[in-house]
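[1] Based on what follows, work out the 3D shape:
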Amino acid sequence: MNAQLPVVALVVAACAVYAAWALAPRSLRRRVAEALRGRSWPAPIDRFLERHARADDGCGCDGCEVGEAKRKAAPKAPGAAQPITFHPRPPR
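    Next up, the predicted model:
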């Protein structure tokens, strides 16, 4: 019973950190990643922090300019069927 409490506390703390990171605005995540990058971390954590430290505050729409060029190249007639394109979210 004594070993169960620290394990549960560790799991709850890890879940709280994950939820705070996932729900934080991108600008805050970038600042936190920049602050943590100065320390020595294992390679996967360092790559994770580097990726988030370089992230911009934009809308996260990577590759939209390609779709915009295609739309400008072939204008559709008014009332014609328009295709709907779904873009998957980039991985975090």
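[2] So which residues of the chain form helices?
    Taking DSSP state H to define them, one finds helices in the chain at 4-23, 26-36, 43-53, 64-73.
[3] Nearest to Pro91 among the ones you listed would be which one?
    helix 43-53 (9.8 Å; CB to CB). Just so you know, the C-beta spots here come from the backbone N, C-alpha and C atoms, and that holds for glycine as well.
[4] And Pro91, how close does it get to Arg29?
    Distance check for Pro91 against Arg29: by CB to CB, to the nearest Å, it reads 14 Å.
[5] more crowded one of the two?
    Legend: neighbour count by other CB atoms under 10 Å for Pro91 and Arg29, higher for Arg29 (19 against 5).
[6] Hmm, that one is touching Ala55, no?
    Yes - in this structure Arg29 lies within contact range of Ala55 using CB atoms under 8 Å: 7.3 Å.
[7] sorry, back to before: could you point out which of the helices of the chain sits nearest Pro83?
    helix 64-73 (10.1 Å).
[8] From Ser27, how far out is Ala14?
    24 Å.
[9] quick one, phi psi at Arg90?
    If you look again at residue 90, you'll see it is Pro, not Arg. phi -70, psi 150 (degrees, to the nearest 10).
[10] what about it, neighbour count?
    10.
[11] do Gly79 as well
    Neighbour count of Gly79, defined by other CB under 10 Å: 6.
[12] Over to Phe86?
    Neighbours of Phe86 under the rule other CB under 10 Å: 4.
[13] Could I get the phi/psi values of it?
    phi -100, psi 130.
[14] Please shift the residue numbers so they start at 52 in all later answers.
    With 52 as the first residue, the last one maps to Phe137.
[15] what about Leu100, neighbour count?
    Neighbour tally, Leu100, other CB under 10 Å: 20.
[16] Kindly report the same for the one 4 residues further on.
    Counted by other CB under 10 Å, the residues lying close to Ala104 total 16.
[17] need the contact list for it.
    Arg81, Ala84, Glu85, Arg88 (CB atoms under 8 Å, 6 or more residues apart in numbering).
[18] could I get the helices of the chain as TSV with mean pLDDT and distance to Gly130?
    Putting the helices of the chain into TSV (pLDDT from 0 to 100; distance: least, CB to CB, whole Å) gives the following:
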stretch	mean pLDDT	distance to Gly130
helix 55-74	95	42
helix 77-87	89	39
helix 94-104	88	44
helix 115-124	56	17
